[in-house]
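> sharing a sequence plus its predicted fold:
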Amino acid sequence: MKDFLTNKWLWIPIATWFIIQLFKLIRECLKNKKMDFKRIMGAGGMPSSHTACVTSLATSIGVSEGFGTPLFALSAVFCFIVMYDAAGVRRAAGKQARVLNKIIESDGQNINIQEKLVELLGHSPVEVLVGVIVGIAFGLLFSHIWDL
């Protein structure tokens with residue numbers, strides 16, 4: 001249990017994800033003047049918490065284990081897959097959901113859909129890039145703090 005509780009390669013990405021999701025919740029609250037707790041678990045938005053999470057993991061592994069290690073290479077490849085998914089596949093799915101929702105709203109009288117499809121799934125390339133920057137910064141910062 002001690003190993004689990006002191007595993008910085010687990011807690012740094014979790015802390016990164018939580019801080020970004022909390023930031024999105026607060027920003028949404030200030031923008032819309034209401035609390036929407038769905039933002040804590042929701043996908044999409046600025047910056048990409050998925051990207052920041054895996055980038056902070058790769059950064060913390062690189063700092064502690066070395067940037068030339070197989071473990072860092074594995075985590076870096078994992079980052080690229082997540083970033084591709086965030087800006088590619090999930091973004092395309094969100095665009096498709098937006099189009100389907102418009103079709104249903106405009107002339108879809110014969111379509112029996114109980115709820116709207118989720119449109120905010122993926123990220124723009126800028127949201128992913130900011131996620132990379134935040135992830136590297138948090139990975140460096142938290143690795144330094146953890147090792148104090």
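Ah, there it is.

> now do stretch 140-148, average pLDDT.
Confidence for stretch 140-148, expressed as mean pLDDT, is 88.

> gap between F23 and L74?
Separation of F23 from L74 (C-beta to C-beta, to the nearest Å) stands at 28 Å. C-beta coordinates here come from the backbone N, C-alpha and C atoms, glycine included.

> now do the top helix by length along the chain: distance to the chain's middle.
The longest helix of the chain (DSSP state H) is helix 8-32. Per C-alpha atoms, centre = their mean, to the nearest Å, the displacement of helix 8-32 from the mean C-alpha position of its chain is 9 Å.

> average pLDDT for it?
Rounded mean pLDDT across helix 8-32 is 89.

> which helices and strands sit right next to that helix?
helix 38-41, helix 49-65, helix 125-146 (3 or more C-beta pairs under 8 Å, 6 or more residues apart in numbering; DSSP states H and E).

> out of those helices, deepest packed?
helix 49-65 (a mean of 25; mean count of other C-beta atoms under 10 Å).

> next, the angle helix 125-146 makes with it.
40 degrees (axes from the mean of the first three to the mean of the last three C-alpha atoms, to 10 degrees).

> residues making contact with helix 49-65?
8-9, 12-14, 16-17, 20-21, 24, 43, 69, 71-72, 75-76, 78-79, 82-83, 85-86, 123, 127-128, 131-132, 134-136, 138-140, 142-143, 147 (C-beta atoms under 8 Å, 6 or more residues apart in numbering).
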